[in-house]
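Need coordinates for the below:
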Amino acid sequence: MILHRQTCQLPTRLTLVCLLLLGSLTNALAAQIMTAQEASKLSQTGEILLIDIRRPEEWKQTGVAQSAVLNSMHEPGFIARLDILTKGDKSQPVALICARGNRSTWLTGELEKRGYENIINVTEGMLGSNDQNGWLRAQLPIRKIE
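Now for the predicted structure:
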């Protein structure tokens, strides 16, 4: 790197570049989290693939998001089924929902390690938490599972 006499501009430019990069990184990270309301809207329009990763017993207890595909992370073959659902396209937007966001948070990181590029975490899950409604309390559309 060659510095010219106007070195006083370097920190200003460097600061701007760092702020731009930080802003881009923050936006990229923020794009990986979605509310239940957003997931409902985008899954109904086909913009994302919404996958309920809970256990089948949980699906029966609460029902599932109306537009969700069922693929339990607890059953063998989860990744193979995911590959079929995405047609092998690891850049397809896939939103994961569980009960309260814990399992989907963990699984988001695991899938990213496996090369999936656009995994979205529905952090409030079906049941919500102290500060988030969740799918059921928000009264978003569900379907019963027998």
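
Now tell me which helix or strand of the chain has the poorest mean pLDDT.
Among the helices and strands of the chain, helix 9-30 carries the lowest confidence by mean pLDDT, DSSP states H and E, at a mean of 43.

what's across from the residue sitting nearest the centre point of the chain in the sheet?
Nearest to the mean C-alpha position of the chain, by C-alpha atoms, centre = their mean, lies Ile120 at 1.3 Å. Here Ile120 sits in beta bridges with Ala95, going by DSSP bridges.

Give me the contacts around the one helix or strand Trp106 maps to.
Under the criterion of DSSP states H and E, Trp106 resides in helix 102-113. With contacts defined as C-beta atoms under 8 Å, 6 or more residues apart in numbering, helix 102-113 is touched by 32, 53-54, 73, 82, 94, 96-98, 119-123, 125. For glycine as for every other residue, the C-beta is placed from the backbone atoms N, C-alpha and C.

could you give me the average pLDDT of it?
Averaging pLDDT along helix 102-113 gives 96.

Equivalent analysis for stretch 42-61, please.
Averaged over stretch 42-61, pLDDT sits at 98.
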